[in-house]
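Visitor: give me coordinates for this.
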Amino acid sequence: MNLTRQMALDYGPSGIRVNCVCPGSIETPRFRGYPPRQSLGPGLTDEQRARMANSNRALLRMGRPEEIAYAVLFLASDESSFVTGHALVVDGGQTIDA
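Guide: Here you go, the predicted structure:
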């Protein structure tokens, strides 16, 4: 994030905006099945495991890849022409309860 801020200061006078996206847990093949079965015991259903994986987020779910893409699209669009040096957190509230 500090690199983003510094680059925004360095390149802003040239009309270049620099921002970063800080994603939370995204529902991808890497995160499916988290937490692992062996660490929780054999009696948990997939639904119970999913509930445990999502329990620390304000929205009680993982994000979808397209939700991160929408954030990036916003930062790349003219609608964010006055945004630079910003770290856009897209984590469903995960960092609220950290």
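
Visitor: can you pull out the strands in this structure?
Guide: 20-23, 87-90 (DSSP state E).

Visitor: middle-most residue in this structure, spatially?
Guide: The centre of the chain sits closest to residue 23, judged by Cα atoms, centre = their mean, with a distance of 1.5 Å.

Visitor: can I assume that one is in contact with residue 90?
Guide: Yes - between residue 23 and residue 90 there is a contact under Cβ atoms under 8 Å: 5.3 Å. For every residue, glycine as well, the C-beta is placed using N, CA and C.

Visitor: joint contacts of these two?
Guide: Contact criterion Cβ atoms under 8 Å, 6 or more residues apart in numbering; residues shared by residue 23 and residue 90: 63, 68.

Visitor: redo the strands of the chain as JSON lines? Include mean pLDDT and distance to residue 68.
Guide: Listed next are the strands of the chain as JSON lines, based on pLDDT from 0 to 100; distance: least, Cβ to Cβ, whole Å:
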{"stretch": "strand 20-23", "mean pLDDT": "97", "distance to residue 68": "5"}
{"stretch": "strand 87-90", "mean pLDDT": "97", "distance to residue 68": "6"}
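
Visitor: got CSV for those, with distance to residue 58 too?
Guide: What follows is the strands of the chain, written out as CSV (distance: least, Cβ to Cβ, whole Å):
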stretch, distance to residue 58
strand 20-23, 15
strand 87-90, 12
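
Visitor: all helices for this protein, in order.
Guide: 2-11, 37-40, 46-54, 65-76 (DSSP state H).

Visitor: worst mean pLDDT among the ones you listed?
Guide: Of all the helices of the chain, the minimum mean pLDDT falls on helix 37-40 (a mean of 55).

Visitor: can you verify my assumption that residue 95 contacts residue 89?
Guide: Yes - if you go by Cβ under 8 Å, residue 95 and residue 89 touch, sitting 6.2 Å apart.

Visitor: tell me the pLDDT of residue 77.
Guide: pLDDT, read off for residue 77, is 97.
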